[in-house]
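Trainee: everything below, folded, please.
(2 chains)
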2 protein chains.
Amino acid sequence: MSDWLKVFAPATVANVGPGYDVLGLALDSPGDWVEAMRTEQRGVQIVEITGDDGRLPRVAALNCAGVSARLVQEKIDPAAGVALKVHKGMPIGSGLGSSSASSVAAAWATNLALGGALSKVDVLDACRAGEKLATGAPHADNVLPSLIGGITLIRSYEPFDYLELPTPLELRFAIVSPELEIKTADARKILPERVPMEDVVRNLGNVAALVAALYEGRLDLFGRALDDFVVVPYRSRLIQRYDDVHAAAMDAGALGCSISGSGPAMFAACTEETAEVVAAALVDGFQRSGIGAKSFIAGINTRGVRLVDEVE
Amino acid sequence: MSDWLKVFAPATVANVGPGYDVLGLALDSPGDWVEAMRTEQRGVQIVEITGDDGRLPRVAALNCAGVSARLVQEKIDPAAGVALKVHKGMPIGSGLGSSSASSVAAAWATNLALGGALSKVDVLDACRAGEKLATGAPHADNVLPSLIGGITLIRSYEPFDYLELPTPLELRFAIVSPELEIKTADARKILPERVPMEDVVRNLGNVAALVAALYEGRLDLFGRALDDFVVVPYRSRLIQRYDDVHAAAMDAGALGCSISGSGPAMFAACTEETAEVVAAALVDGFQRSGIGAKSFIAGINTRGVRLVDEVE
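Mentor: This next block holds a predicted model:
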């Protein structure tokens, strides 16, 4: 009989500031855990899901973790069988890459349970298929940083071409997850099909400066360059109190503040000194209008998905 | 009696690849020269212009060099007088920052002739006023690199915020200036007011990657990231044979190829090894259709405007 392998995949912030669909980063916490074990039953079975309040489908073919795991299993050995236990460690549908973390953890756990023949890059497409099931599009801007860690730039989808950007280790993120629900599909629908040229130019300036700030380790510039003009002005309408919460974070000393993924979570870039105060300001900003909210503080996860444990 | 001071300001490539209105770079040649001398006659007089085939206005208030010089003179000493000789060293209206080079050289020569109290940043606004006279907009993406050299990023106009990016010294540019005329105003008119979101995303990915390529010294990535999707597809229609010339440059080994400024000049990023062949391919691409064209090869000017000489 085989042992269960346990894998952790981190939460992620996609659409980082002006980097809509191209910039993502991995947080050192929270994240999802997936346990995997080789079995005699061909294909992938999800035998347990915890931490989801019963919201996620148990049938593997309908679950993003099941889909990505199945593609990895097919790639390694079409005759093999894998059982999975999925442990959600973060809110679902909050804009923190929940489906990506599950897809990535499941894919990597399956790979390790079946001998570990594949590299992280080898399982990327399987993870994107899981992401597509959950969100409708095979975007990689959450999946990629959850898989490899750090701050990632997707230069191009066709051909797929990405870079790992430098990670200023002193950067902290204060994240707030308000009790609002935004569906990724709605968050896409609210975006304009065409963007005014002057806003395009402002985003080009900021995304270029953001990358320069990472290479130079200039946190002040990183914060200034976080402003987005092509997506946030529209999506922020789906987040009640967005402007007030943003202002509260900046007043509390944040370097910059924006929407995480397609929201409703928001992130503020901070230093270690200001992170606690900014996190409190983010929560307070929502609670003043009677909207419940939780915050946490995270650094950047530079390792990506990893084996954390082996259990009997 | 005072001496004439002589100043050189380099030609520039603006709208570098995906960096419309934000990225510019200075070429080590060609450029414009301006001589300046303090006089007793209050204000600025242009006493000579050479190299313009008689195309530029001699009246200082109607000439970009005169306008920028006048603002510098007013700033230093409203009662002072300066005489200028302008020597054009590059084609006018070709997309190589001709008006910027004259504005910058005149501003800097005037500053030096009146004692040199101002820094390069201090004269930026004067240079932008010259640019506005010539092109209708006080853009800084040619003026800034001509002034300070290197590869510059304008993150934001309000407030004005710019960065100097790293300069890979092995990078060469093969530039072709075809015998076509494009007015900057027409080049702006042909642009759409709104850009499809998917093209915005592709440009964000490329401009971010272009900056990363400069920091990493990765010329291959710099070349791949030069493709633009928000401006070049439209402006290239004003340049007959653009697609064929572009293909010829790439076939000859260029890293990447795009429009310089608002055209009609085109530039191809190269290494020293490929620059000659690429330059020949660029010229040949136009000449096959009977369009005359001249090429040259330049590295990046890292000094910007400079005093070259003092003459009696």
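Trainee: can you list the domains in chain A?
Mentor: If you go by automatic domain parsing, the domain ranges for chain A are A:4-165+A:301-311, A:172-298.
Trainee: ok, is the shortest one in contact with chain B or not?
Mentor: Okay, so that is domain A:172-298. Yes. Domain A:172-298 lies within reach of chain B by C-beta under 8 Å from any C-beta of the partner chain, at A:191-197, A:200-212, A:215, A:221, A:224-225, A:230. Where you see a C-beta, it was placed from the backbone N, CA and C, and this is true even at glycine.
Trainee: end-to-end on that domain?
Mentor: End-to-end span of domain A:172-298 (C-alpha to C-alpha, to the nearest Å): 6 Å.
Trainee: rounded mean pLDDT for that domain, please.
Mentor: Averaging pLDDT along domain A:172-298 gives 95.
Trainee: cool, the longest one as well?
Mentor: Computed over domain A:4-165+A:301-311, the mean pLDDT rounds to 94.
Trainee: in helices, which of the residues of domain A:172-298 next to chain B appear?
Mentor: Members of the residues of domain A:172-298 next to chain B lying in helices (criterion: DSSP state H): A:197, A:200-212, A:215, A:221, A:224.
Trainee: any idea how far A:Pro159 is from A:Leu124?
Mentor: 13 Å (C-beta to C-beta, to the nearest Å).
Trainee: wait, A:Val207
Mentor: With C-beta to C-beta as the criterion, A:Val207 and A:Pro159 are 21 Å apart.
Trainee: bridging across strands, which residues link to the closest residue to chain B within the stretch 51-200 of chain A?
Mentor: Per C-beta to the nearest C-beta, A:Arg194 is where the stretch 51-200 of chain A lies closest to chain B, at 3.5 Å. Counting by DSSP bridges, A:Arg194 forms beta bridges with B:Pro196.
Trainee: list the contacts of it.
Mentor: Applying C-beta atoms under 8 Å, 6 or more residues apart in numbering or on different chains to A:Arg194 gives the contacts B:Pro192, B:Arg194, B:Val195, B:Pro196, B:Met197.
Trainee: what of A:Pro10?
Mentor: Shown in contact with A:Pro10 (C-beta under 8 Å, 6+ apart): A:26-31, A:101, A:145-146, A:149, A:301, A:304-305.
Trainee: pretty sure it is in a strand, no?
Mentor: Yes. A:Pro10 forms part of a strand when assessed by DSSP: H, G, I helix; E, B strand; the rest coil.
Trainee: ok, what's across the strand from it?
Mentor: A:Gly31.
Trainee: how near is it to chain B?
Mentor: Going from A:Pro10 to chain B by C-beta to the nearest C-beta, to the nearest Å gives 22 Å.
Trainee: how about A:Thr50?
Mentor: 36 Å.
Trainee: A:Thr271 too?
Mentor: 21 Å.
Trainee: count the residues that sit near that residue.
Mentor: By other C-beta atoms under 10 Å in any protein chain shown, the residues close to A:Thr271 number 16.
Trainee: ranges for the helices of the stretch 101-250 of chain A?
Mentor: A:124-135, A:143-148, A:184-189, A:197-216, A:219-224, A:232-235, A:242-251 (DSSP state H, counting those that start in this stretch).
Trainee: re earlier: nearest to B:Glu179, out of the domains of chain A?
Mentor: Minimum separation from B:Glu179 across these (C-beta to C-beta) falls at domain A:172-298, 29.4 Å.
Trainee: make a markdown table from the helices of the stretch 101-250 of chain A and add mean neighbour count to it.
Mentor: Formatted as a markdown table, these follow (neighbours: other C-beta atoms under 10 Å in any protein chain shown):
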| stretch | mean neighbour count |
| --- | --- |
| helix A:124-135 | 24 |
| helix A:143-148 | 30 |
| helix A:184-189 | 15 |
| helix A:197-216 | 24 |
| helix A:219-224 | 19 |
| helix A:232-235 | 19 |
| helix A:242-251 | 19 |
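Trainee: between those helices, which one is nearest to B:Ala247?
Mentor: helix A:197-216 (25.8 Å).
Trainee: the inter-axis angle of the closest one versus helix B:197-216?
Mentor: Interaxial angle, helix A:197-216 versus helix B:197-216 (axes from the mean of the first three to the mean of the last three C-alpha atoms, to 10 degrees): 30 degrees.
Trainee: same for helix A:197-216, what does it pack against?
Mentor: Using 3 or more C-beta pairs under 8 Å, 6 or more residues apart in numbering or on different chains; DSSP states H and E, the elements in contact with helix A:197-216 are strand A:161-165, helix A:219-224, strand B:151-156, strand B:161-165, strand B:194-196, helix B:197-216.
Trainee: so which of the contacts of A:Arg194 comes closest to chain A?
Mentor: Minimum distance to chain A across the contacts of A:Arg194 is 3.5 Å, recorded for B:Arg194 (C-beta to the nearest C-beta).
Trainee: tell me how far that closest one lies from B:Val207.
Mentor: 19 Å.
Trainee: neighbouring contacts of stretch A:240-249?
Mentor: Outside stretch A:240-249, the residues within contact range by C-beta under 8 Å, 6+ apart are A:174, A:176, A:180, A:236, A:239, A:257, A:259, A:266, A:268, A:278, A:281-282, A:284-286, A:288-289, A:291.
Trainee: so which of those sit within strands?
Mentor: Counting by DSSP state E, the part of those found in strands is A:Ala174, A:Val176, A:Cys257, A:Ile259, A:Met266, A:Ala268.
Trainee: can you name the two of these that sit furthest apart?
Mentor: Farthest apart among the ones in strands among the contacts of stretch A:240-249 by C-beta to C-beta are A:Ala174 and A:Ile259. That separation is 13.8 Å.
Trainee: which neighbours do the two share?
Mentor: A:Phe267.
Trainee: re earlier: redo the helices and strands packed on helix A:197-216 as CSV? Include distance to A:His246.
Mentor: Converted to CSV, these look like this (distance: least, C-beta to C-beta, whole Å):
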stretch, distance to A:His246
strand A:161-165, 24
helix A:219-224, 12
strand B:151-156, 18
strand B:161-165, 20
strand B:194-196, 25
helix B:197-216, 21
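Trainee: of all those, which lies closest to B:Val7?
Mentor: strand B:151-156 (19.2 Å).
Trainee: counting contacts, what elements does the closest one pack onto?
Mentor: Applying 3+ C-beta pairs under 8 Å, 6+ apart, one finds that strand B:151-156 contacts helix A:197-216, helix A:219-224, strand B:23-39, helix B:143-148, strand B:161-165.
Trainee: buried sites along stretch A:68-79?
Mentor: Residues A:Ser68, A:Ala69, A:Arg70, A:Leu71, A:Val72, A:Gln73, A:Lys75, A:Ile76 are the ones in stretch A:68-79 that count as buried (16 or more other C-beta atoms under 10 Å in any protein chain shown).
Trainee: just the element for the fourth one, please.
Mentor: Assignment of secondary structure by DSSP states H and E places A:Leu71 within helix A:64-76.
Trainee: between that helix and helix A:124-135, how many degrees?
Mentor: Angle of helix A:64-76 versus helix A:124-135, following the same axes, to 10 degrees, is 150 degrees.
Trainee: so what touches the following helix or strand past helix A:64-76?
Mentor: As assigned by DSSP H and E, the chain's next helix or strand after helix A:64-76 is strand A:81-87. Residues from elsewhere that reach strand A:81-87 (C-beta under 8 Å, 6+ apart): A:4, A:32-52, A:56, A:60, A:63, A:65-66, A:69, A:73, A:102, A:105-106, A:109-110, A:113-114.
Trainee: again, only this time at 7 Å
Mentor: If you take C-beta atoms under 7 Å, 6 or more residues apart in numbering or on different chains as the criterion, strand A:81-87 is touched by A:32-51, A:65, A:69, A:73, A:102, A:106, A:109-110, A:113-114.
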